[in-house]
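In: Requesting a structural model of the entry that follows:
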Amino acid sequence: MPAVAKIVFVGAGSTVFARNLLGDILLREELAASEIMLFDIDAERLETSELVARRVADALGAPAAITATTDRRAALDGADYAINMIQVGGYEPATVTDFEVPKQFGLRQTIGDTLGVGGIMRGLRTIPVLLSMCADMAELCPDVWFLNYTNPMAINCRAVNRATTIKTVGLCHSVQGTAFELARDLDIPYLEIDYLAAGINHMAFYLRFERDGEDLYPLLRARAEAGNVPDTNRVRYEMLRRFGYFVTESSEHFAEYVPWFIKRDRADLIDRFNIPLDEYPRRCEAQIAGWEAERQQLARGEAIDVQPSFEYAATIIRSIETGKPRVVYGNVANDGLIDDLPAGCTVEVPCLVDGNGVQPTRIGALPPQLAALIRTNVNVAELTVEAALTGRRDHVYHAAMLDPHTAAELDLDQIHDLVDALLDAHGAWIPDLR
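Out: Model (predicted):
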């Protein structure tokens with residue numbers, strides 16, 4: 001018998017992403033009759049997303065009940081699952097500010113959504129919205145599973161876990177997506193790969209990467225030493241050479257989590273490692289254009305092609321609803337999961353999902369060099385959350401001062417001035433800090 005769950009898409013105006021997740025859900029027979037509620041504060045984008053959702057359901061012959069609303073409380077009332085994909089402040093003005101203000105200080109970024117001054121600011125403006133949303137959920141759907149896709153993942157999930165009792169798991173496609181890329185690099189079918197990864201979101205590492213019990217790391221290391229690597233992945237293969245393990249997040253992301261690859265007086269590094277500065281604004285503009293193209297496609301009545309994605313949301317919902325066990329990678333509180341990372345911080349580990357919910361797997365200790373590197377990023381996340389939850393402005397300075405990339409480029413006075421400039425530029429998007 002198909003499961004009938006109420007699944008809420010929060011920030012459903014992220015049309016393309018919402019379409020992919022909805023397709024994953026409705027492709028599963030057990031979930032095809034679910035109640036789908038689309039919520040967004042942008043009525044125009046929500047209208048497009050609703051049309052997309054109905055076209056997806058029609059294409060799959062799924063009997064889902066689809067509703068759209070700009071009323072968050074109405075959307076969340078009685079929800080079983082809330083899938084979060086909001087971007088507080090949007091591309092303009094917020095993301096543009098995150099990139100353009102630091103440039104005035106000589107600080108360049110690639111993605112700016114997870115760490116660095118861009119990630120700090122994104123966390124500060126997102127956390128209050130998430131906590132308000134969780135307060136609604138505590139009242140209207142206290143047993144809901146909150147599936148968060150919004151970055152900065154480690155920061156957002158840490159804040160929700162510290163300040164609320166809502167069952168939360170952060171989801172990303174980097175672990176499974178990178179495993180697919182590595183399988184392609186090695187010319188091995190992805191489904192033949194077996195791996196174990198752990199760490200934090202965007203800085204987890206494959207502790208084991210095998211095929212039929214054969215360790216594939218020697219093949220990866222040989223490629224790294226020979227320089228036989230994809231042009232878009234030079235940073236990660238260099239990290240494999242230096243640290244001994246392959247990181248799960250893309251090279252353009254990872255380059256700004258450490259102090260070694262982006263330096264304003266070292267253009268040779270940018271060229272050598274093929275680092276795409278200002279990559280995220282370009283992606284945002286492409287997504288905006290894609291949304292417009294999709295809207296026009298719908299207006300012409302063209303068919304929608306529905307293909308399964310790498311995302312985990314539908315897998316989690318299906319396993320909880322049916323009890324069929326699956327393993328996914330989730331971002332959860334470090335309650336005795338990784339010994340050499342701080343207690344309570346958000347870690348990314350394999351999780352068993354079944355009728356009992358999402359159950360994280362204990363990893364134990366990471367290789368010491370990996371734990372040490374990861375802690376440099378955890379420090380920034382923890383201080384950003386502290387700033388957001390206590391309202392203390394000095395913790396924003398502390399987070400920025402301890403950020404590896406920012407500290408590699410700017411002195412203490414410059415960092416202080418940059419934080420002030422960013423907070424001023426964001427204005428009401430970030431609550432007052434004392």
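In: which residue packs closest to Gly323, ignoring adjacent ones?
Out: Gly355 (3.7 Å; C-beta to C-beta, 6 or more residues apart in numbering). For glycine as for every other residue, the C-beta is placed from the backbone atoms N, C-alpha and C.
In: for Leu418, same thing?
Out: Closest to Leu418 by C-beta to C-beta, 6+ apart is Phe105, at 4.8 Å.
In: Ok, Thr361 next?
Out: Thr361 sits nearest to Pro350 (C-beta to C-beta, 6+ apart), 4.7 Å away.
In: is it true that the residue nearest to Gly323 touches Arg318?
Out: No. In this structure, Gly355 is not within contact of Arg318 by C-beta atoms under 8 Å, at 11.1 Å.
In: neighbour-wise, which of these two wins?
Out: Arg318 (21 against 11; other C-beta atoms under 10 Å).
In: contacting residues around that one?
Out: Applying C-beta atoms under 8 Å, 6 or more residues apart in numbering, we find Arg318 in contact with Ala3, Arg28, Glu30, Leu31, Lys324, Arg326.
In: and the fourth one, how far is that from Leu60?
Out: Just to be clear, that refers to Leu31. 11 Å (C-beta to C-beta, to the nearest Å).
In: neighbour-wise, which of these two wins?
Out: Neighbour count, other C-beta under 10 Å: between Leu31 and Leu60, Leu31 has more, with 23 against 17.
In: Render the CA-only coordinates of stretch 90-109 in CSV, please.
Out: C-alpha atoms of stretch 90-109 as CSV (Å, rounded to 0.1, in the frame of the first residue of the first chain):
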residue,chain,number,x,y,z
GLY,A,90,18.7,35.5,-2.6
TYR,A,91,21.3,36.1,-5.2
GLU,A,92,20.7,39.9,-5.0
PRO,A,93,21.4,41.5,-2.7
ALA,A,94,22.8,39.0,-0.3
THR,A,95,25.1,36.8,-2.4
VAL,A,96,26.4,39.7,-4.5
THR,A,97,27.3,41.5,-1.2
ASP,A,98,29.1,38.4,0.0
PHE,A,99,31.4,38.6,-3.0
GLU,A,100,31.7,42.2,-3.9
VAL,A,101,32.5,43.7,-0.4
PRO,A,102,35.4,41.3,0.3
LYS,A,103,36.8,42.1,-3.2
GLN,A,104,37.3,45.7,-2.0
PHE,A,105,39.7,44.3,0.6
GLY,A,106,41.5,42.1,-1.8
LEU,A,107,39.8,38.9,-0.7
ARG,A,108,38.5,36.7,-3.5
GLN,A,109,36.2,33.6,-3.2
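In: what is the mean pLDDT for it?
Out: Averaging pLDDT along stretch 90-109 gives 96.
In: do the same with stretch 36-56
Out: 94.
In: what about stretch 21-35, how long is it end to end?
Out: Stretch 21-35 has an end-to-end distance of 14 Å (criterion: C-alpha to C-alpha, to the nearest Å).
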